[in-house]
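Asker: sequence first, predicted coordinates after that:
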Amino acid sequence: MIGLEHYLILSAIIFSIGLYGLMTLNNGIRLMMCIELMLNAAIINLVAFSAYSHDITGQVFALFVIALAAAEAAIGLAIMLAIYRIRDDIELNEINILRW
Amino acid sequence: MEDILLLAPEIILAVTALVVLVAGLYLKTEHKVALGFISVAGIIMAIALTMSIMLAKTSASMFYDTMVIDPLSQVFKLVFLSVALLVSIASVKYVSEDRNTEEFFALLLLAIIGMMVVSSSNDLITLFLGFELAGLATYALVGFEKKNIKVLEASMKYFIIGAVSSAFLLFGMSYVYGMTGTTNIPGIAANAHLLVDNPIGIVAIVMLIAGFGYKMSLVPFHMWAPDTYQGAPSVISALLAGASKKMGFIAAFKVIIVALIALNAEWQTIFAVLAVITMTLGNVVALSQDSVKRMLAYSSVAQAGYISMAFVVLTPTALAGGILYILSHAFMKAGAFIAVAIVGFMILVGNKDARDTDHIDNFRGLSKRMPITAFALMVFLLALAGIPATAGFVSKFVLFSSTIEAGLVWLAVIAILNSAISLFYYARVIKYMYFMPTEGGRITEPAPYAIAMILALVAVLVIGIWPEPFIYWASEAANVLLI
Amino acid sequence: MNIGDFAFLIPLLPALAFVITLFFGKRLYSGGALIPIGAIGASFIISLLITINILQNPDQVIHQSVHWFAIFNLGILIDPLAAVMLTMVSFVSLLIHIYAIGYMEHDPAKPRYFAETSLFTAAMLGVVLSDNILQMFIFWELVGLCSYLLIGFWYQKPSAAAAAKKAFLTTRVGDVMFLAGIIILFASLFQAFHGEVPEGVYLLQFSEMFNHIDALAAMNATILGMEVSHLTIIALLFFGGAIGKSGQFPLHVWLPDAMEGPTTVSALIHAATMVTAGVYLVARTFPMFLSAPDALIIVAYLGGFTALFAATMGLVMNDIKRVLAYSTVSQLGYMVLGLGMGAVVGLEAIGVSMFHLINHAFFKALLFLCAGSVIHAIGTQDMRQMGGLLKAMPITAGTMLVASLALAGFGIPGTSIGTSGFFSKDAIIETAFVFGEYSHDWIPYIFAILAALLTSIYIFRLFFMTFTGKSRNNAKAHEAPSIMTVPLLILAVFSLVFGALTLKPFIAFMERTFDNNVISLNIEHLATLGNYDLVLEHGPEPLFILWLPVIVAVAGLLISYLLYYKQVIDVSKVVSRENPVYKLLYNRYYQHKIFTELLATRIVYELISLSADYFDRKFIDTIVDGIGKITMSAGNFMRKIQTGVVQNYVAAVVAGVGLLIILFRLIVEVI
């Protein structure tokens, strides 16, 4: 029997993978995929809580978040694209004019 | 259905945004300056309506109790709208020759709507939606000059850290929802005892603080702020520091103070640590900055530290002081950034390809070249330092004295020492403006910039000289938080 | 219509003059100088009329107040203390403004100058007539800001800009203490009311503060294991503010550098507007000092030490304005010392100290304006380049002599013949004697007497080096125009006769400050709170004590005369002619050696003065600079954390979350 804990552990693992990727990867697109992982981990949480407590609010929240995540991805891609046009790559670790 | 009228300010802004967006399709670039005036008109109408709702002391809840109208929400809406007014007036000049003017103003208005939704929200879902709406619109605004790599870098960092923080925020919210079984803020408050002494509760609250701390720019979640404020166009920096940052505070007020009051012993300690680190690091690092915008950004970080003291003290006076500080800081910082925008304009008039227009060397002898800007910037800086007869002094005074009154003398001492340090870097800019020789002649400020700056100047001085009504409304707002 | 109803105009008129001169000065005669002069003149007349009114009827002081916000008010309180200050500030400022028409004649930035001095005067007048301490603090900061602008008036000179910054930042140290004092006072009073402040009661009003001294005295805080009364903390923090503004040791460092501004600004700062604010603050809140254990003793010691320390510094300076600057520091030390004597003589201390403040304003303004005349005439501030100006500038020399006599305190005890400085400074020294007599603590008295000797030496050194001997400068000196000499003459008359005319009534008048229709206090009760034993009646001091200050002043004059008028080499002749004993005991060579080289030069100059100078320059500056450097390098280090790489920022967020969770766990464990 799969219980609530399993879902919570799954989402925690996915969230951590996303965080790890954000800290170690360089390519902008990969960073955005990691962000998606983190958001989806939260969505798993919401849906799992919702299902196990028989309360619909969590699933409504999840739907909103899915829509928001799409919008966020669109804006992120636009920024990455603009950077790519100027620099011909999106290695984010090399973009550090603004510092100190 | 008269409830819906209470959201009239938001509706007007949304309609204005759509009108601007559509009208922009049919206008030639040289006529697009009209869009700016439409936006300004829309914002002024929204301000008038918000103020009338506030003065009537209306309290209401709507949409299945997901939105509320109360003094707290109206005060914050006015802060956001005032900053939006300043920024949009200044932007009439800033985007005057850009063919994407309509997008700029539409995004600006949408960002403000998002912030207003946050200040009215009574539910985690609406709060998160508003938070993200404001975030998404400002990511795009920061990256508005899409041919400028510095601007894009600022936008990219803002976006990445913003998205990570939203993920933290959402993850924390999902735990709160899971443990309390509701997303309604009063509902959470009623069930918050379920989070006490629970490891998941600990994780949830830290994640929430991280998520809001990013907008509030608390150390160590502040790292994006100096880069973004420095890289972004100055008018957008004004929006970020003046409004977007305050959205972090109102969201944190609602979720942490109202919903999670049961855990106050724990998060008060956390905020005490964060406030001390934030104000000290912000002030100390600001000392050695050569970019005025970056200096202002660190000063903004430090000011977030002062405002966070309200969480630690948590008395009605302290919260009123915090809200008053938020109000004053919105005008001081927005005004200072607009003044920097004017200096940038001045430098670009002299040399089209100039870089680093906000370098402190460009402020040499500003009192000769642009006396009005120099004077206004001096007042803003003195206000930020907390010199009497300015808004900064009144709010610091209320906040610090409430801290002492609550017996947290050590915290007040640290804050006072910090504000003494801060004077060094503010005085440095004043020294450059007034005591350094300059080359180059007198330049007249463009009217939109000048109007926006003078409005901010008047606000800073009015709050400083006649703070009574502002303190009254700040206390009214604070009372909502601690029922 | 009562003249008191116009009191609000006193600071308002100069403030308006500031606005008008700033914007329209260029188009007006002499850079718009006449507008500030008219405004300050009107302020002076109103102040004078009010003073006369209060003098006739000291029970009816002027008190007006309007609601400002929350539990704060804006108000005007003109009691004897404030009335006298107002009259003095507006009068001296008026004369300095008139003089400045001549002095600043060739400066292109005249409108800015007159606008800023006008605002400076307005701010100082605002400090004086505030009826609550918050409003006072606001004007106090405005004074600081104006001094910053005026000291840096010639901002093209790097030294001027640096001096302006130094003045602003050093006085800020004091201001922060002052503000901290206000906040603690406010919090304590709020506590005394149990958080319920009735409508119409304004906590920070002076009258309200004084009425609740009993409640404050009951509050104690523990600092480093010692029980310290809240009153002592508040009083000492206020005194911290006074130290900064009034240039007391160790925050005096800004005052000598503040000479970088125009000489008229120095005169304004030193005589009328800025430095007296600190003394005034202590006098204003004197009941709090009186009921705070130990506070007055600290005040007395610090004042006495500053008086002596600054006088030794004055001996070795070659810049004419720096000598005067250290002289100001030293004289302010006297005033602070005088206030500290309240530990024994009670309210009389205010009278004595304020009396010296007023007289000092006259003769110090005169000294500065004379120095300005000299600088104006020959274009240097170095006294080694001066000399022999007596013939070329008779009026300046004459008035300077009057001022020097006043500063050194020449007069005949027991009669009413004497310069104003004689009456006021000797009053302080005599009070110090009374203090010594009753508390058996003679240190303040010794400080005061030694400082009096040194004062006389350095001021006559200045006089002889400047006006006598041979000219050491090629410039063709000439007397200043009459617009400059007339203020000199007026001030000279005041320096000569003001003291003699007003001594006794003045001190009695001052004591009414805390006994009238607004503020009425039981002084003996307050002194009991502060553990001070007051001596209300003290008989005439021994004749020797009355004469001693005059004797040391004459001794100082003689020493200066021998060293600087007779040019050192001749000292041996003079000494031998007048003291046949020495002729018998020593041959000429040894006299010369001992008297000039060893005694005068080596011991006094090199040992005391240079070590004091060393201490000042090295030790204090190092500490001040050191704190700044440490903070700066900390900033430089910490900014490197901001690497500019976004992945590192994410790592910081994660680390922050991790650390907070750990912290949170710890809290849960502890609780």
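Answerer: Perfect, I can see it now. The structure displayed is predicted, hence computed values, not measured ones. Residues are numbered from 1 along each chain as shown, chains lettered A, B, ... in the order given.

Asker: would you mind listing what in the stretch 51-200 of chain B touches chain C?
Answerer: B:156-157, B:160-161, B:164-165, B:168, B:197 (CB under 8 Å from any CB of the partner chain). Yep, even glycine has a C-beta here, placed from its N, CA and C like the rest.

Asker: could you dump those to JSON lines with pLDDT and secondary structure?
Answerer: JSON lines is the format used below for those (pLDDT from 0 to 100; DSSP: H, G, I helix; E, B strand; the rest coil):
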{"residue": "B:Met156", "pLDDT": "91", "secondary structure": "helix"}
{"residue": "B:Lys157", "pLDDT": "91", "secondary structure": "helix"}
{"residue": "B:Ile160", "pLDDT": "92", "secondary structure": "helix"}
{"residue": "B:Ile161", "pLDDT": "92", "secondary structure": "helix"}
{"residue": "B:Val164", "pLDDT": "92", "secondary structure": "helix"}
{"residue": "B:Ser165", "pLDDT": "92", "secondary structure": "helix"}
{"residue": "B:Phe168", "pLDDT": "93", "secondary structure": "helix"}
{"residue": "B:Asp197", "pLDDT": "76", "secondary structure": "coil"}
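
Asker: how about a markdown table for those, with distance to B:Thr317 and neighbour count added?
Answerer: Listed next are those as a markdown table, based on distance: CB to CB, whole Å; neighbours: other CB atoms under 10 Å in any protein chain shown:
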| residue | distance to B:Thr317 | neighbour count |
| --- | --- | --- |
| B:Met156 | 41 | 29 |
| B:Lys157 | 37 | 26 |
| B:Ile160 | 39 | 25 |
| B:Ile161 | 34 | 24 |
| B:Val164 | 35 | 29 |
| B:Ser165 | 31 | 24 |
| B:Phe168 | 32 | 27 |
| B:Asp197 | 31 | 12 |
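
Asker: and the furthest pair within those residues?
Answerer: B:Met156 and B:Asp197 (40.8 Å; CB to CB).

Asker: sorry, back to before: when you check chain A, which of the residues of the stretch 51-200 of chain B next to chain C turn up near it?
Answerer: B:156-157, B:160, B:164, B:168.

Asker: ok, so of the residues you listed, who is nearest A:Glu36?
Answerer: Distances from A:Glu36 to these, taken by CB to CB, are shortest for B:Val164, at 11.6 Å.

Asker: quick one, strands of the stretch 151-300 of chain C?
Answerer: C:220-223, C:226-229 (DSSP state E, counting those that start in this stretch).

Asker: same question for the stretch 201-350 of chain B.
Answerer: With DSSP E, counting those that start in this stretch as the criterion, the stretch 201-350 of chain B has no strands whatsoever.

Asker: the stretch 51-200 of chain B now?
Answerer: According to DSSP E, counting those that start in this stretch, the strands that the stretch 51-200 of chain B contains are B:60-62, B:67-69.

Asker: surely C:Gln642 and A:Asn96 touch.
Answerer: No: the criterion here is CB atoms under 8 Å, and C:Gln642 misses it with A:Asn96 at 9.7 Å.

Asker: okay, the two: which has more neighbours?
Answerer: C:Gln642 (23 against 17; other CB atoms under 10 Å in any protein chain shown).

Asker: which residues does that one contact?
Answerer: C:Gln642 is in contact with A:99-100, B:223, B:226-227, B:285, counting by CB atoms under 8 Å, 6 or more residues apart in numbering or on different chains.

Asker: thanks a lot, catch you later.
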